[in-house]
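S.K.: Sequence below, structure please.
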Amino acid sequence: MPAAETGQANTGLASPVVFGAGLLLLGLSPIIRGGNRHVALVLLEWLALLLLVALLARGLAFRDRADAQPSQPLASAGVWVLALSPLWVALVQLIPLPVSVWAALPGHAPYVEALAVAQAPAAAFRPLSLTPDITLVSVLAGLPLSAAFLLAFYSSFRQIGLLVRALVGLAVAQAVLGLLQMGPFPGLSFGSAIGGRAIGTFANPNHFASYIAMTLPLAILLLRPAMVSARGTMRGGPRGGRPMGALWGVALFLLLAAVLASGSRGGTVTCLVVTLLAVVLLPQGSGHRPERRHWGMAGMAGLLALVALAVGVDALLARFEGDKTGYLAGDRWAYVTSTWQAALAFWPFGSGLGSYASVFPAFHPPGVRAFIEHAHNDYVQLLMECGLLAIALGLLALALIARQVARLVRRARRMGLDAAGLLQASCGLGLLAVLLHSWVDFNLRIPANAMLAAFLLGAFLRPLQPLPVKPARESVLE
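M.R.: Now for the predicted structure:
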């Protein structure tokens, strides 16, 4: 890193205790059905609480240091507003309101009538949420997300680099497990009905594919320096590049193969999108020439073809071809439109975070014979449950992301991106994978996926490194 690098960019606020707790938190998150079981979630919440307390203590201990002061106070304030999202939900939806106010809230009239018919005991106060116990559980489930987000934002770039390598390693382990489930070891699915599709330790192949897709840009980023080092070895430079290049190449192959083996349509599409963007937008190394990008695209196309031959795409193509009605005429679109109607009914306060499965039956689409726990669209479900608060926090996140994208683009055009900038750009592409997939699924409701997304967002929003004395020769826009 440049010698001019100072402050948070160099040392970070994450102590070894914070770093260790964060590594354990991210490592354990997918093990028990992607964290989507109560026993797993309770453990993750306690780890997150430990991490947050340690990070707070570290911040208080160094609050008077000049390099601990935020260089961009407004952006840092926005980051903290996002990090405290569970608190805002609790303040809005769990503080008791006078029952007369509660009864007058949009969408509450049927529940007032139901309480009267059931002759429920009178209450002077009720929280805004229609399911306060579930909302409290959902707020506590937000602790690991805040912890992962702040871990990435306040760690040093060296620590983030180590965490990124660990995350890619975890994803590769998931990929290997998923491929073994497709082969001679179906018992490794641990009783889940996988239907001939890879799921890893998740309960759903779509969430498995989304988790892996988020790490693909990171794997590509790790592969490229190894390839450059390997080329240097071939020209008589120091040895060591070839083994690492082969290692990360095999890792990338396994990740791509696992996504295809999952049979997830949304996961496959987002995987291809972010992989293509990572190859096209990110440079291949120091002193790269534009024509090398064409070789990179050709190499990636060859790798994808090899993956398709090794895994087979018949099952995946059958899933695409089997949807005769199309998305807009299928059940999932009916979920989305009915959830939109529910969001309008409870606007602007929402029905309560986590209340979807309890409240949605009143808006159940006709002709759909199933109990619907999720809208299969994270955004419209959040709109129904949190109303205006979800829009406010979402707009803040989009503003911070757009601001960081603009800063990265300006830096790239001006002098190229250094290693830290490339890492942040790769984290942004990984985040894009889950944001796209969440339009047709509920990945952000799965703790492991949501925590990984929060980590990538925190890493992406970090302040850029100070400008080096000499322009970097790596650019994402040449």
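
S.K.: quick one: average pLDDT of stretch 128-147?
M.R.: Stretch 128-147 comes out with an average pLDDT of 96.

S.K.: Can you show me the CA trace of stretch 204-211 as CSV?
M.R.: Presented in CSV, the C-alpha positions along stretch 204-211 are these (Å, rounded to 0.1, in the frame of the first residue of the first chain):
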residue,chain,number,x,y,z
ASN,A,204,-32.6,-24.1,-0.9
PRO,A,205,-30.5,-24.3,-4.0
ASN,A,206,-31.3,-20.7,-4.9
HIS,A,207,-29.8,-19.4,-1.7
PHE,A,208,-26.8,-21.6,-2.2
ALA,A,209,-26.3,-20.2,-5.7
SER,A,210,-26.7,-16.6,-4.5
TYR,A,211,-24.1,-17.1,-1.7
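
S.K.: what's it in contact with?
M.R.: Contacts to stretch 204-211, defined as Cβ atoms under 8 Å, 6 or more residues apart in numbering, come from residues 30, 34, 171, 174, 178, 194, 197-200, 202, 258-259, 262-264, 266-268, 270-271, 433-434, 437, 441, 443, 446, 448-449, 452. Heads up, the C-betas are built off the backbone N, CA and C, glycines and all.

S.K.: Which ones among those residues map onto helices?
M.R.: Those of these mapping onto helices are 171, 174, 178, 258-259, 262, 266-268, 270-271, 433-434, 437, 448-449, 452, per DSSP state H.

S.K.: Need the pLDDT of residue 327.
M.R.: Note on residue 327: pLDDT of 59.

S.K.: One more: the one 10 residues further on?
M.R.: Predicted confidence (pLDDT) for residue 337: 93.

S.K.: distance of it from residue 350?
M.R.: 18 Å (Cβ to Cβ, to the nearest Å).

S.K.: again, but for residue 37
M.R.: 26 Å.

S.K.: still on that earlier bit, show me which of residue 337 and residue 350 is the more surrounded one.
M.R.: The neighbour comparison of residue 337 against residue 350 (other Cβ atoms under 10 Å) goes to residue 350, with 30 against 16.

S.K.: got a list of what the more buried one touches?
M.R.: Residue 350 sits next to 93, 343, 383-390 when contact means Cβ under 8 Å, 6+ apart.

S.K.: surely residue 255 meets residue 217?
M.R.: No - using Cβ atoms under 8 Å, residue 255 makes no contact with residue 217, being 10.6 Å away.

S.K.: How many residues are close by residue 169?
M.R.: Count around residue 169 with other Cβ under 10 Å applied: 14.

S.K.: now stretch 392-403: how far from the chain's centre is it?
M.R.: 15 Å (Cα atoms, centre = their mean, to the nearest Å).

S.K.: Now do that stretch: everything it contacts.
M.R.: 75, 78-79, 81-82, 85, 88, 379, 382, 428, 457, 460-461.

S.K.: tell me which residues in it are buried?
M.R.: Across stretch 392-403, burial judged by 16 or more other Cβ atoms under 10 Å covers 393, 397, 400-401.

S.K.: Could you list the low-pLDDT ranges of the stretch 101-250 of the chain?
M.R.: The model of the stretch 101-250 of the chain has pLDDT under 70 over residues 191, 193-195, 225-245.

S.K.: Please enumerate the strands of it.
M.R.: Under the criterion DSSP state E, counting those that start in this stretch, strands of the stretch 101-250 of the chain are mapped to 125-127.

S.K.: residue ranges for the helices of it, please.
M.R.: Listed in chain order, the helices of the stretch 101-250 of the chain (DSSP state H, counting those that start in this stretch) span residues 109-117, 132-141, 143-154, 157-182, 205-234, 241-262.

S.K.: got a markdown table for the ones you listed, with distance to residue 364 too?
M.R.: As requested, these are exported to a markdown table (distance: least, Cβ to Cβ, whole Å):
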| stretch | distance to residue 364 |
| --- | --- |
| helix 109-117 | 14 |
| helix 132-141 | 18 |
| helix 143-154 | 29 |
| helix 157-182 | 33 |
| helix 205-234 | 22 |
| helix 241-262 | 29 |
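
S.K.: Show me the protein divided up by domain.
M.R.: Domain ranges of the chain: 10-69+142-322+417-460, 93-128, per automatic domain parsing.
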